[in-house]
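Participant: need coordinates for the below:
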Amino acid sequence: MREPEQENCIKLSFPINAAYVSSARLTASSIASRMNFDVDEIEDIKAAVSEACTYIIKTLSSNAGGAFEINFTLHKASMDIRITARGVIEPATPDDIGLMMIKALVDSFKIGSDDESNITISMTKKHKVSIFN
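Facilitator: Modelled structure (predicted):
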């Protein structure tokens, strides 16, 4: 009998300040490495987290103070990353370079807001599947 997949969740909160993007990026890299993602996948995750954090900070920079939260949900074959902040943002334009880059780096991507004025960027990165396995 197969055991159910265990989920692990890591939650972090950072001030809305560009100085903390590198900390978020380093944390994402460390978690991805611990999950045995390969070097290319780790680089994709780091870049996607960096772009998502930068997008939120840039968009919410007019709000003094505040924080954004990053949730990493770890699965056996993938990592879900959700970045959430409180604030009103303008709708994303389809030609935003940062968002296009995120879409190219991860397997699924979604940006949205809820009724409580929270903006959320959700991403999933799956382990590569080798044709030799």
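Participant: hmm, residue 56 is touching residue 85, no?
Facilitator: Yes: counting by CB atoms under 8 Å, residue 56 does reach residue 85; the two are 5.0 Å apart. The way it works is simple: take the backbone N, C-alpha and C, and place the C-beta from them, glycine included.
Participant: residues that sit against both of these two, list them.
Facilitator: 16, 68, 119 (CB atoms under 8 Å, 6 or more residues apart in numbering).
Participant: could you dump those residues to CSV with distance to residue 30 and secondary structure?
Facilitator: Converted to CSV, these look like this (distance: CB to CB, whole Å; DSSP: H, G, I helix; E, B strand; the rest coil):
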residue, distance to residue 30, secondary structure
16, 22, coil
68, 19, strand
119, 25, strand
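Participant: which of these has the weakest pLDDT?
Facilitator: Ranked by pLDDT, those bottom out at residue 119, which has 84.
Participant: so what's it bridging to?
Facilitator: Residues in a beta bridge with residue 119, per DSSP bridges, are residue 85, residue 113.
Participant: just the strands in the protein please.
Facilitator: 8-15, 67-74, 78-86, 108-113, 118-126 (DSSP state E).
Participant: of those, which is nearest residue 95?
Facilitator: strand 108-113 (14.2 Å; CB to CB).
Participant: and the closest one, which residues are buried?
Facilitator: For strand 108-113, the neighbour count (16 or more other CB atoms under 10 Å) marks 109, 111 as buried.
Participant: repeat that for stretch 111-121.
Facilitator: Per 16+ other CB under 10 Å, stretch 111-121 contains these buried residues: 111, 119, 120, 121.
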